[in-house]
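S.K.: fold the following.
(one chain, ligands or ions: 1)
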Amino acid sequence: MFQLLLKRYTLLSIIILVSCASTQKAISQEQNKQHAKHIILVGIDGFGAHAFEKAKIPNIREMMKNGSYSLKARAVLPSSSAVNWASMLMGSGPELHGFTEWDSREPELPSAKLGESGIYPTIFSLIDTQLPKAKKGAIYTWGGIRNLFERALVDLDYNGETDTKTIEKATSFIAEEKPVFTFIHLDDADHAGHEIGFDSPEFYLEIEKIDVLIGKMIATLEDKNLMKETIIILTSDHGGNRKSHGGKTLKEVQIPWIAYGKGISSQGEMDSVIVTYDTGATIAYLLGLEIPEFWRGKPVKEILSSK
Ligand SMILES: [Zn+2]
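M.R.: Residues are numbered from 1 along each chain as shown. From the prediction side, this is the model:
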């Protein structure tokens, strides 16, 4: 009798173990799922959420209508450029990656972790390690971006003189090379903000030009049948107050965060609390990559239709 009971218990334990293992496998398969073949991160320098009240941006509004977005996402402090671009790509805040100023070329505070390339690992390094065959590119109008990612790891590293050149180069790179990840940085609106004001007609004119460029890029990708397999995340590094930023007003700190494309829910505005370093984590999640323990960003999973 005792032996029979023992056998039954052993059998039961095996059944439980096997079913746990298969649930575990299912969870990890879900976590490792690549949600789209191409992810494009469009970062518009100085494009604060406050600008959405007046800006004539039909293409970006179409993405918002058919996607998921927040106009209450936040920059990290200080609300300056390099600090925030680094946080976006490095999935962590300045206290960990160490880039703390508007034009940091190297960390003023030693990075808490260094990757093989000698800097705090970015989304490019995660892709390089976990999807070694995947192509990736960084195309940027502000040269300061070049210090904030592993330049040796990308298939295209291009500093455009104007936003038009940057987007045109990015569009042909995506169409021809079909990269898994493309980072596009646009800078012309931030220049107008600093020269004339972040609430000036000149600033809105630059934003409107950028909207047209984004519309053209999406139309080209649709023509080439690539949008079906593409997710675009559009955001900014910070906003602006009068002619500057770096401070603690919501005009400087609140940024747009828009997801649009394959598998993205068309729920419109979300309640989610989003910080700039969640962008890197979301891209990693959408590509099915394992997020390093030392990253602090969380994927914005609410953007997916299945949620
Ligand atoms: Zn900036």
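S.K.: contacts only, for residue 45.
M.R.: Contact analysis of residue 45 by Cβ atoms under 8 Å, 6 or more residues apart in numbering lists 81, 141-142, 185-187, 189-190, 236-237. Placement of C-beta: from N, CA and C, glycine included.
S.K.: just give me the closest of the residues you listed to the ion.
M.R.: Among the contacts of residue 45, residue 81 lies closest to the ion (Cβ to the ion), at 3.1 Å.
S.K.: go ahead and confirm that closest one touches residue 142.
M.R.: Yes: at 7.1 Å, residue 81 counts as touching residue 142 under the criterion of Cβ atoms under 8 Å.
S.K.: with neighbour numbers in mind, choose between the two.
M.R.: A direct count of neighbours by other Cβ atoms under 10 Å for residue 81 and residue 142 places residue 81 higher, at 27 against 22.
S.K.: and the contacts of residue 45 near the ion, which?
M.R.: With the criterion set as Cβ under 5 Å from the ion, the members of the contacts of residue 45 near the ion are 81, 237.
S.K.: which residues of this protein score low on pLDDT?
M.R.: 1-31, 306-307 (pLDDT under 70).
S.K.: now the helices: where do they sit in it?
M.R.: With DSSP state H as the criterion, the chain has helices at 2-31, 58-65, 81-90, 94-97, 123-130, 163-177, 188-195, 201-223, 250-253, 278-286.
S.K.: and the last one, C-alpha only, in CSV?
M.R.: Yep, that's helix 278-286 we're talking about. Written as CSV, here are the backbone C-alpha positions of helix 278-286 (Å, rounded to 0.1, in the frame of the first residue of the first chain):
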residue,chain,number,x,y,z
ASP,A,278,11.3,52.9,-21.1
THR,A,279,11.8,53.5,-24.9
GLY,A,280,15.0,51.3,-25.1
ALA,A,281,13.3,48.6,-23.0
THR,A,282,10.2,48.7,-25.2
ILE,A,283,12.3,48.3,-28.4
ALA,A,284,14.1,45.4,-26.8
TYR,A,285,10.7,43.8,-25.8
LEU,A,286,9.3,44.3,-29.3
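S.K.: list the buried residues for it?
M.R.: Going by neighbour count (16 or more other Cβ atoms under 10 Å), the buried part of helix 278-286 is 278-286.
S.K.: and those residues, which is closest to residue 227?
M.R.: Nearest to residue 227 out of the buried residues of helix 278-286 is residue 286 (Cβ to Cβ; 15.2 Å).
S.K.: who's in contact with that closest one?
M.R.: Applying Cβ under 8 Å, 6+ apart, the residues near residue 286 are 34-36, 39, 231, 299.
S.K.: and this structure, which residues reach the ion?
M.R.: For the chain, the contact set with the ion under Cβ under 5 Å from the ion comprises 45, 81, 237.
S.K.: using TSV, lay out these together with distance to residue 69.
M.R.: Listed next are the residues of the chain next to the ion as TSV, based on distance: Cβ to Cβ, whole Å:
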residue	distance to residue 69
45	19
81	22
237	17
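S.K.: verify the stated contact: residue 103 with residue 144.
M.R.: Yes: between residue 103 and residue 144 there is a contact under Cβ under 8 Å: 5.4 Å.
S.K.: overlap in contacts, those two.
M.R.: Counting by Cβ under 8 Å, 6+ apart, the residues touching both residue 103 and residue 144 are 81-82.
S.K.: more crowded one of those two?
M.R.: The residue with more neighbours, out of residue 103 and residue 144, is residue 144; 18 against 13, by other Cβ under 10 Å.
S.K.: got a list of what the more buried one touches?
M.R.: 81-82, 85, 103, 105.
S.K.: and which of those is nearest the ion?
M.R.: residue 81 (3.1 Å).
S.K.: name the nearest residue to that closest one, ignoring sequence neighbours.
M.R.: residue 102 (4.9 Å; Cβ to Cβ, 6 or more residues apart in numbering).
S.K.: does residue 266 really touch residue 64, like I thought?
M.R.: No: applying Cβ under 8 Å as the test, residue 266 and residue 64 come out as separate, 9.7 Å apart.
S.K.: for residue 244, give its distance to residue 49.
M.R.: Counting by Cβ to Cβ, to the nearest Å, the gap between residue 244 and residue 49 amounts to 17 Å.
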